[in-house]
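S.K.: Build me a structure from this.
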Amino acid sequence: MTNVTQMNETDRQYYFMEKASGHVAKLGEELGRRPTCCVTTFGCQMNARDSEKLVGILEKVGYEIIEDENADFVIYNTCTVRDNANQRVYGRLGVLNGYKRKNPHMKIALCGCMMQEPEVVEKLRTSYRFVDLIFGTHNIHRLPVLLKQAMLEKELVLEVWSKEGDVIENLPSHRANNYKAWVNIMYGCNKFCTYCIVPYTRGKERSRELDEIIKEVEELKNSGYKEITLLGQNVNSYGKDLNNGTDFATLLEAVAKTGIDRIRFTTSHPWDFNADMIDIIAKYDNIMPSIHLPVQSGNDEVLKLMGRRYSKESYLKLFDMIKEKIPDCTITTDIIVGFPNETEEQFQDTLSLYNYCKYDLAYTFIYSPREGTPAAKMEDNVPLSDKEQRLYRLNELVNKYANEANQKYLGQVVKVLVEGPSKKNPDVLSGYTEHNKLINFKGDASMVGQIVDVRVTEAKTWALTGEQLESNN
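M.R.: Numbering: from 1, shown residues only. Down below sits the predicted model:
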């Protein structure tokens with residue numbers, strides 16, 4: 001007899017996958033076809049990577065993966081960074097309920113960050129009783145067990161761990177792209193910025209072992225992948241919890257030495273970004289010269305209220321160091337306007353910083369309180385009209401410098417990882433340069449998944465246009 005309790009967690013989940021596959025096969029017999037499943041992802045790259053694992057598990061137990069939510073099993077992998085993300089999920093649940101009334105075999109599951117909020121779970125239990133399964137961010141690997149329970153029981157199956165567990169390796173995964181891949185290097189965040197819910201939904205920082213990461217990268221390279229993005233809520237703090245001297249610079253160099261064509265990483269926190277990391281990025285050609293470095297505000301008092309742990313001066317010192325050692329590095333950022341107590345003068349500091357940095361791009365947001373965060377307890381005392389006006393003025397700078405940055409590439413030959421046809425024109429190919437610039441060009445469809453040389457013929461604010469060089473044919 002199999003003793004499940006003596007297995008490691010990975011083997012245990014494979015054991016339950018076998019058990020769940022029997023129930024899926026039985027459902028298939030009743031339906032007269034292979035059961036279908038749809039996984040819908042809300043939110044960030046971390047959620048997208050989690051969904052790849054969910055799909056991998058569901059394929060393993062026998063589901064046919066489809067994009068139509070009118071399926072036998074639907075999973076919403078949710079985001080809760082902003083309240084409107086929650087509202088989107090609630091709105092779409094009504095549609096799923098309509099499908100379920102017509103398909104008595106249908107099961108509906110919700111997982112991800114939104115499920116880590118007790119008030120959300122309670123609302124689902126009382127107002128959305130047709131939901132069959134709820135689980136959180138810390139027990140995604142337990143899907144085989146939970147799926148089996150949901151198929152056998154008529155009552156809601158609920159398992160949301162409030163505390164993170166160990167990192168579980170080697171579970172099935174279905175990559176969403178054949179040429180680019182996400183690679184988790186760590187989970188959780190210890191920064192506790194006052195406006196951010198992530199540390200409460202993703203837990204404390206847990207780093208993967210370096211050997212496991214390198215093994216995954218090498219497997220991806222051997223499978224033909226051209227680009228990987230190292231993922232973490234704060235990649236720069238990688239290794240701090242391992243207590244073995246390994247840090248993000250060490251990891252970056254080890255990944256670079258695998259020889260994979262392109263390496264990116266996201267997201268960086270300025271507090272943990274150091275000279276060693278910059279030196280490694282500058283040293284290796286396969287680490288892309290493109291860094292996302294969120295600043296959030298250009299005023300020290302606002303930064304302190306945000307809990308960001310750095311000053312405008314220290315941020316600019318880091319910015320200058322990056323530009324000095326990697327002159328052609330593209331730098332993008334995040335900025336929040338209208339944070340509690342932000343004055344016009346303080347906002348002017350943000351504009352001043354932006355004029356200094358001349359970012360290639362910025363993701364800008366109007367502050368809105370996020371329940372469950374320390375900032376939500378502050379008085380939201382900046383009028384909405386002021387927030388909107390500040391966002392407009394900031395975005396004028398964003399557009400100006402984005403266009404100026406792109407104009408520098410006019411006439412240059414850039415290396416492009418071709419991703420496929422453009423969304424707007426199937427006769428045009430689309431891809432990204434080493435500096436993470438979107439470029440569209442006419443070219444041979446056989447180049448999809450390859451890195452090719454393209455000459456930039458037109459530069460717009462948000463994208464480039466080019467022509468494929470004949471040498472690529």
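
S.K.: do you know how far Arg82 is from Ser290?
M.R.: With distances taken as C-beta to C-beta, to the nearest Å, Arg82 is found 25 Å from Ser290. Every C-beta, even on glycine, is put in place using the N, C-alpha and C of the backbone.

S.K.: more neighbours, the two?
M.R.: The neighbour comparison of Arg82 against Ser290 (other C-beta atoms under 10 Å) goes to Ser290, with 22 against 14.

S.K.: Can you verify my assumption that Leu464 contacts Leu438?
M.R.: Yes. Using C-beta atoms under 8 Å, Leu464 is in contact with Leu438, at 6.9 Å.

S.K.: Give me the more crowded residue out of the two.
M.R.: Applying other C-beta under 10 Å to Leu464 and Leu438 shows that Leu464 carries more neighbours, namely 24 against 16.

S.K.: I'd like to know how far that one sits from Lys442.
M.R.: 13 Å.

S.K.: Pull the contacting residues for Glu227.
M.R.: Shown in contact with Glu227 (C-beta atoms under 8 Å, 6 or more residues apart in numbering): Tyr179, Lys180, Ala181, Ile260, Asp261, Arg262, Ile263, Arg264, Leu417.

S.K.: my read: Val382 touches Phe347, true?
M.R.: No. The criterion here is C-beta under 8 Å, and Val382 misses it with Phe347 at 9.2 Å.

S.K.: Tell me which of the two has more neighbours.
M.R.: Taking other C-beta under 10 Å, Val382 and Phe347 do not tie; Phe347 has more neighbours (24 against 20).

S.K.: Can you classify Ile134 as helix, strand or coil?
M.R.: Per DSSP: H, G, I helix; E, B strand; the rest coil, the local secondary structure of Ile134 is strand.

S.K.: Check which helix or strand the residue nearest to it when sequence neighbours are not counted maps to.
M.R.: Leaving aside its sequence neighbours, Ile134 sits nearest to Leu158 (C-beta to C-beta, 6 or more residues apart in numbering; 4.9 Å). Taking DSSP states H and E as the definition, Leu158 sits inside strand 157-159.

S.K.: That strand - contacts with which helices or strands?
M.R.: In terms of contacts (3 or more C-beta pairs under 8 Å, 6 or more residues apart in numbering; DSSP states H and E), strand 157-159 is packed against strand 133-135, helix 143-152.

S.K.: Residues contacting that strand, please?
M.R.: Here strand 157-159 makes contact (C-beta under 8 Å, 6+ apart) with Val121, Arg125, Asp132, Leu133, Ile134, Phe135, Gly136, Asn139, Arg142, Leu146, Gln149, Ala150.

S.K.: Go ahead and confirm the first one touches Leu156.
M.R.: Think Val121. No. When contacts are counted by C-beta under 8 Å, Val121 is not listed as touching Leu156 (9.7 Å).

S.K.: Find residues that contact each of these two.
M.R.: In the contact map built from C-beta under 8 Å, 6+ apart, the residues linked to both Val121 and Leu156 are Ile134.

S.K.: residue ranges with poor pLDDT in the stretch 101-250 of the chain?
M.R.: Scanning the stretch 101-250 of the chain with the threshold set as pLDDT under 70 gives 165.

S.K.: quick one: the helices in it?
M.R.: For the stretch 101-250 of the chain, the helices defined by DSSP state H, counting those that start in this stretch cover 118-127, 143-152, 198-202, 210-222, 248-256.

S.K.: do the stretch 301-450 of the chain as well
M.R.: Under DSSP H, counting those that start in this stretch, the stretch 301-450 of the chain gives helices at 312-325, 344-357, 384-407.

S.K.: Out of the helices and strands packed on strand 157-159, the one nearest Leu397 is which?
M.R.: When those are compared by C-beta to C-beta, strand 133-135 sits nearest Leu397, at 42.7 Å.

S.K.: show me what contacts the residue nearest in space to the middle of the chain?
M.R.: Closest residue to the average C-alpha location of the chain: Gln45 at 1.4 Å, with C-alpha atoms, centre = their mean. Gln45 is in contact with Trp182, Thr229, Leu231, Thr266, counting by C-beta under 8 Å, 6+ apart.

S.K.: quick one: it and Gly466, what's the gap?
M.R.: For Gln45, the distance to Gly466 equals 26 Å [C-beta to C-beta].

S.K.: One more: Met306?
M.R.: According to C-beta to C-beta, Met306 and Gly466 sit 39 Å apart.

S.K.: what's the answer for Lys240, then?
M.R.: Lys240 is 42 Å from Gly466, by C-beta to C-beta.

S.K.: Right, I'll call it a day here.
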